[in-house]
Each structure stands twice: as C-alpha cells, then as structure tokens.
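**Student:** generate a structure from the sequence data that follows.
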Amino acid sequence: MDSRQLTAESVPLFQEGIGLLLSRWSVLQPAVENEWGGRDCCPKAELLLSDVFSFFNGSKEPLYIDDLEMILEESLLFLNTMAEDGIIISSLDWFKAC
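**Tutor:** The predicted structure follows:
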C-alpha cells in the first residue's frame, strides 16, 4: 500500500480533522457564514475540504506546500474573499502535521 494512501478506517477521521481545521480558519469562517461567495458557500467550503483531502491522499507525486497554498487561495476566490499577505502561509502550519 502507498504510504500516503489512507486506510478505509482512517479516511473519515482524516476528513473530520481537515473539516475541523477549516471550520476554525478565521479567513474562511466569515466568508461562509456571510455568504460572501453566494448562497452556495457551504458546498464551496465542502469542495475545499475535498480538495485538501485529495491533496494529501492518493497523490503519488511529492507534496509541496505551495500547491496546498494555491488550493486555499483559489477556494477563497470562489468564496469572494482574499486573505492578507502571509495569512495563508501561517495557516499552513496546521497542515504540516498531516
């Protein structure tokens, strides 16, 4: 088994962990709560969770933090919000442990 491929038992736990991190992210929270990206902000936030999960799970290529940063930036654009310079980078510390 690929070392980055999660077991069936660990997938829901990992997804829950990503969801908890994203739900507490001070940049994402108000964008979803206030529907800055439209009424479909919740599905957009769920897509972000899926994209982050896919980034970590299943890729056979090396993982680069810049790629994760790009996923987060693009998702914020879909939610009609932007992060201040350096906020995304500092937020990525959450994911380094993953």
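**Student:** what is the least confident helix or strand in this protein?
**Tutor:** Sorting the helices and strands of the chain by mean pLDDT, DSSP states H and E puts helix 93-96 at the bottom, at a mean of 62.
**Student:** what's the residue positioned nearest the centre of the chain in contact with, if anything?
**Tutor:** By Cα atoms, centre = their mean, the mean C-alpha position of the chain lies nearest to residue 52, the distance being 4.2 Å. The contact partners of residue 52, by Cβ atoms under 8 Å, 6 or more residues apart in numbering, come to 18, 22, 68, 71, 72, 95. For glycine as for every other residue, the C-beta is placed from the backbone atoms N, C-alpha and C.
**Student:** drop anything exposed from those residues.
**Tutor:** Of the members of those, the ones counted as buried by neighbours, 16 or more other Cβ atoms under 10 Å, are 18, 22, 68, 72, 95.
**Student:** nearest to residue 32, of the residues you listed?
**Tutor:** Here the nearest of the buried ones among the contacts of residue 52 to residue 32, counting by Cβ to Cβ, is residue 22; it sits at 9.2 Å.
**Student:** the host helix or strand of that closest one: which residues count as buried?
**Tutor:** Applying DSSP states H and E as the criterion places residue 22 in helix 11-23. Applying a neighbour-count criterion of 16+ other Cβ under 10 Å, one finds 14, 15, 17, 18, 19, 21, 22 buried in helix 11-23.
**Student:** if I pick the last one, what's in contact with it?
**Tutor:** The one in question is residue 22. Taking Cβ under 8 Å, 6+ apart, one finds 28, 45, 48, 49, 52 in contact with residue 22.
**Student:** any idea how far it is from residue 79?
**Tutor:** Applying Cβ to Cβ, to the nearest Å, the value for residue 22 to residue 79 is 11 Å.
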